[in-house]
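Engineer: Provided below are the primary sequence and the corresponding predicted coordinates.
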Amino acid sequence: AQKITQTQPGMFVQEKEAVTLDCTYDTSDPSYGLFWYKQPSSGEMIFLIYQGSYDQQNATEGRYSLNFQKARKSANLVISASQLGDSAMYFCAMRTGGYQKVTFGTGTKLQVIP
Amino acid sequence: EAGVTQFPSHSVIEKGQTVTLRCDPISGHDNLYWYRRVMGKEIKFLLHFVKESKQDESGMPNNRFLAERTGGTYSTLKVQPAELEDSGVYFCASSHLAGDGYTFGSGTRLTVV
């Protein structure tokens, strides 16, 4: 079975500082993909970043980077230079092998403080 | 291009009533997914359509839930009769190819009282 664990229900970060949101995963499938989504208060789910299990380098998208540690089964999201607009729920998710359904974590609520 | 559209954005109904949620995927996206987030819990998969066919409906909680995608375009999710534990946010997502990342809609917040 696939499982995503996000152990931080809520976090605060000072504006302009970097923050790391933790995510660990569990799967026996050697082929998988890891995603991070942002859900602002408006409700929509916004795709942020993707990491494939066979990717050699950590994924980066602008201020977002994914710290992928395969042996530890962790896929932490790093947001650099936090902005007030980064305040939102953040979900880590995984899709394995040929399965199209995605398993989500419980989310981390990030609040950026001015 | 227009994104994934869900309607209504909010719905409040009484226990025992029927509610129908609608999702319009991005035009040309054959893959359509329904997910649900019950308050404080993780987002859970409900089902996956490929065009008009149900590819995987293993996440549907019980037979009070009925999803359709007639003609392979928009999809509806009907809850009949609704129970208190059905309250949550129902998300729809679509993708062009099965291996693509999803584009999510804004969700429908369902409250059963």
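Structural biologist: The structure has been received and is ready for your questions. Note that the coordinates shown come from a computational prediction; the quantities given were computed from them, not determined experimentally.
Engineer: report the central residue of chain B.
Structural biologist: Central residue check for chain B by Cα atoms, centre = their mean: the C-alpha nearest the mean position is that of residue B:34, 3.6 Å away.
Engineer: what's the helix-or-strand element of chain B with minimal mean pLDDT packed up against?
Structural biologist: None of the helices or strands of chain B scores lower by mean pLDDT, DSSP states H and E than strand B:103-104, at a mean of 89. Counting by 3 or more Cβ pairs under 8 Å, 6 or more residues apart in numbering or on different chains; DSSP states H and E, the packing neighbours recorded for strand B:103-104 are strand A:46-52, strand B:88-95. Any C-beta I mention is one placed from the backbone N, CA and C, and that applies to glycine too.
Engineer: can you do 6 Å?
Structural biologist: Here strand B:103-104 touches strand B:88-95, going by 3 or more Cβ pairs under 6 Å, 6 or more residues apart in numbering or on different chains; DSSP states H and E.
Engineer: report how many residues lie close to the closest residue to residue B:17 other than its chain neighbours.
Structural biologist: Of all residues not flanking residue B:17 in the chain, residue B:82 sits nearest, at 5.6 Å (Cβ to Cβ, 6 or more residues apart in numbering or on different chains). Residue B:82 is flanked by 23 other residues according to other Cβ atoms under 10 Å in any protein chain shown.
Engineer: quick one: low-confidence ranges for chain B?
Structural biologist: By pLDDT under 70, the low-scoring segments of chain B are B:1, B:98-99.
Engineer: need the helices for it, in chain order.
Structural biologist: Applying DSSP state H to chain B gives no helices.
Engineer: and the nearest residue to residue B:5 once chain neighbours are set aside, how many neighbours?
Structural biologist: Nearest residue to residue B:5, sequence neighbours excluded (Cβ to Cβ, 6+ apart): residue B:24, at 4.3 Å. By other Cβ under 10 Å, the residues close to residue B:24 number 18.
Engineer: same deal with residue A:42?
Structural biologist: By other Cβ under 10 Å, 10 other residues sit near residue A:42.
Engineer: quick one: contacts for the residue nearest to it when sequence neighbours are not counted?
Structural biologist: For residue A:42, the nearest residue in space outside its immediate sequence neighbours is residue B:106; the separation is 6.9 Å by Cβ to Cβ, 6+ apart. When the contact criterion is Cβ atoms under 6 Å, 6 or more residues apart in numbering or on different chains, the partners of residue B:106 are A:43, A:44, B:6.
Engineer: look up phi and psi at the nearest residue to the last one once chain neighbours are set aside.
Structural biologist: The shortest distance from residue B:6 to any residue that is not its chain neighbour, by Cβ to Cβ, 6+ apart, is 3.9 Å, and that residue is residue B:105. Geometry field for residue B:105 lists phi and psi as phi -80, psi 180, criterion degrees, to the nearest 10.
Engineer: does residue B:105 touch residue B:92 like I think?
Structural biologist: Yes: judged on Cβ atoms under 6 Å, residue B:105 makes contact with residue B:92 at a distance of 4.5 Å.
Engineer: tabulate the contacts of residue B:106 in CSV, adding columns for distance to residue B:38 and neighbour count.
Structural biologist: Written out in CSV, the entries for the contacts of residue B:106 read as follows (distance: Cβ to Cβ, whole Å; neighbours: other Cβ atoms under 10 Å in any protein chain shown):
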residue, distance to residue B:38, neighbour count
A:43, 15, 18
A:44, 18, 17
B:6, 17, 24
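Engineer: got the contact list for the residue nearest to residue B:6?
Structural biologist: B:4, B:6, B:92.
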